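Chemist: After the sequence you'll find the predicted model.
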Amino acid sequence: MNEKKIKWGIAGLGNIAHRFAQDLTNNSKLGELQAVAARNCDKAEQFAVTYRVISHYGDYEQLATDPTVDIVYVATIHPYHRPLVELFLSHHKHVLVEKPAFTNYQDWQDMQQLAKDNGVLLLEAMKTVVFPAYQELKTFMNEHEIVVDSIEASFGNENVYDPNIFVFNPELSGGATLDVGVYGVWFYCDLCYFFGENVPTPSVSITGEHPEWRVDENVEFLFEGKIKGKIGASISKNLPRHAILKGDGVEIVIHDKWWNPSRIDVHLRDQTHTIMHNSGGGFEHEIDHCSALLLNNVKTSSVLNTELSGQVLSILEQTLITNGYAHLTKR
């Protein structure tokens, strides 16, 4: 018996689209790749050959009107998300949009309303929170009544400056806050939500040795509340790749690449509990999560929480505006 699968389209065929397509074709249980689109028809055709895709288009409108596609993954860089998301939602396609979903909060509000008006789902692809190891950690903390009061995480890589790379390009909303800061802020907000605590307004410091870049180079968010948070992001420095959560009698370490969690050690009083989950590329978890929602005709997600996406975008936008980088929050 053939089990029904959700048919996916991909819009924008850069590096992250390749990684997504690999997991969709090799590791997903509930989804299958049906169609792809790029502005360049040759690029779309080559991508389709590589992954044995049924349909390919050199025009996004054609993907939007393809009746066989259930949901579209928008994989372009973030300043190009708004018009594509609007296009697909307007054609009654569900949408999973790569993080950050947009460069400002108003776009998120507008597109959520459009999704609601068209009876479809719009989610932000924050894959970290869908990983089995992270979900098991939440279950473990709940079962053992663990409460944390501090969260420390960072995401930063040393990149050689190249004005042709979008993270260094102010016209393409580059910089650390939107490109990698979104991971840590989402992580902090998600855990605050899990523990039932409000997210305080962070104090933010932005530093860098290259003001001529006109993008935020290094960012640190400090959250002072019942759960303290220290969240770092950088496009020019290598930052620690583990995350540490602490509370009374507990220390939790999410090891290398905490944003793709596969090993978590919970040091609870005198014992250590280890959570281990190996993954493919990691995209299969969000693919199957979204596919399961659609198969069950569910229009909301408690994991890829749309309220949290909006809250995170609001924090990122205000950070940029307050610190002189309003030009990165394209409207």
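Modeler: Nice, thanks for sending it over.

Chemist: now the strands for the stretch 101-250 of the chain?
Modeler: Assigned by DSSP state E, counting those that start in this stretch, the stretch 101-250 of the chain shows strands spanning 122-125, 148-156, 203-207, 218-223, 228-234, 243-247, 250-254.

Chemist: Let me know the secondary structure of V95.
Modeler: Assigned by DSSP: H, G, I helix; E, B strand; the rest coil, the conformation of V95 is strand.

Chemist: and it, bridged to which residues?
Modeler: Beta-bridge partners of V95, counted by DSSP bridges, are V72, L122.

Chemist: Most tightly packed of the strands of the stretch 101-250 of the chain?
Modeler: Mean neighbour count (mean count of other CB atoms under 10 Å) peaks for strand 122-125 among these, with a mean of 25. (Each C-beta comes from the backbone N, C-alpha and C, glycine too.)

Chemist: and V97, how many neighbours does it have?
Modeler: Close neighbours of V97, defined as other CB atoms under 10 Å, add up to 27.

Chemist: need the contact list for it.
Modeler: For V97, the contact set (CB atoms under 8 Å, 6 or more residues apart in numbering) comprises Y73, V74, H81, V85, L122, L123, E124, A125.

Chemist: Quick check: closest non-adjacent residue to F223.
Modeler: Among residues not flanking F223 along the chain, G229 sits closest, at 3.5 Å (CB to CB, 6 or more residues apart in numbering).

Chemist: quick one: terminal-to-terminal distance for stretch 5-15?
Modeler: End-to-end distance of stretch 5-15 (CA to CA, to the nearest Å): 25 Å.

Chemist: Next, the buried residues of it.
Modeler: For stretch 5-15, the buried set under the neighbour-count rule, 16 or more other CB atoms under 10 Å, comprises I6, K7, W8, G9, I10, A11, G12, L13.

Chemist: The fourth one is in contact with H94, isn't it?
Modeler: So that's G9. No: if you go by CB atoms under 8 Å, G9 and H94 don't touch, sitting 10.1 Å apart.

Chemist: what do these two both touch?
Modeler: I71, V72.

Chemist: what's around N159, how many residues?
Modeler: Around N159 there are 15 other residues, counting by other CB under 10 Å.

Chemist: in stretch 182-201, what's buried?
Modeler: So stretch 182-201, judged by 16+ other CB under 10 Å, has buried residues 182-193, 195, 199.

Chemist: In JSON lines: those residues, plus distance to V49 and pLDDT.
Modeler: Shown next, in JSON lines, are those (distance: CB to CB, whole Å; pLDDT from 0 to 100):
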{"residue": "V182", "distance to V49": "33", "pLDDT": "98"}
{"residue": "Y183", "distance to V49": "33", "pLDDT": "98"}
{"residue": "G184", "distance to V49": "38", "pLDDT": "98"}
{"residue": "V185", "distance to V49": "39", "pLDDT": "98"}
{"residue": "W186", "distance to V49": "35", "pLDDT": "98"}
{"residue": "F187", "distance to V49": "37", "pLDDT": "98"}
{"residue": "Y188", "distance to V49": "42", "pLDDT": "98"}
{"residue": "C189", "distance to V49": "41", "pLDDT": "98"}
{"residue": "D190", "distance to V49": "38", "pLDDT": "98"}
{"residue": "L191", "distance to V49": "43", "pLDDT": "98"}
{"residue": "C192", "distance to V49": "45", "pLDDT": "98"}
{"residue": "Y193", "distance to V49": "43", "pLDDT": "97"}
{"residue": "F195", "distance to V49": "48", "pLDDT": "97"}
{"residue": "V199", "distance to V49": "45", "pLDDT": "97"}
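
Chemist: hang on, the earlier thing: closest one of the contacts of V97 to S301?
Modeler: Nearest to S301 among the contacts of V97, counting by CB to CB, is L123 at 5.9 Å.

Chemist: Number of residues surrounding the residue nearest to the closest one when sequence neighbours are not counted?
Modeler: In space, and not counting its chain neighbours, L123 is closest to L304: 4.4 Å by CB to CB, 6+ apart. For L304, the neighbour count with other CB under 10 Å is 24.

Chemist: Is L304 in contact with M126, as I believe?
Modeler: Yes: between L304 and M126 there is a contact under CB under 8 Å: 6.2 Å.

Chemist: Which residues are in contact with each of those two?
Modeler: Shared between the contact lists of L304 and M126 (criterion: CB under 8 Å, 6+ apart) are residues E286.

Chemist: for the most centrally placed residue in the chain, what are its contacts?
Modeler: Centre of the chain computed as the mean C-alpha position; nearest residue by CA atoms, centre = their mean is M126, 2.7 Å away. Neighbouring residues of M126 by CB under 8 Å, 6+ apart: K99, V182, Y183, W186, E286, L304, S309.
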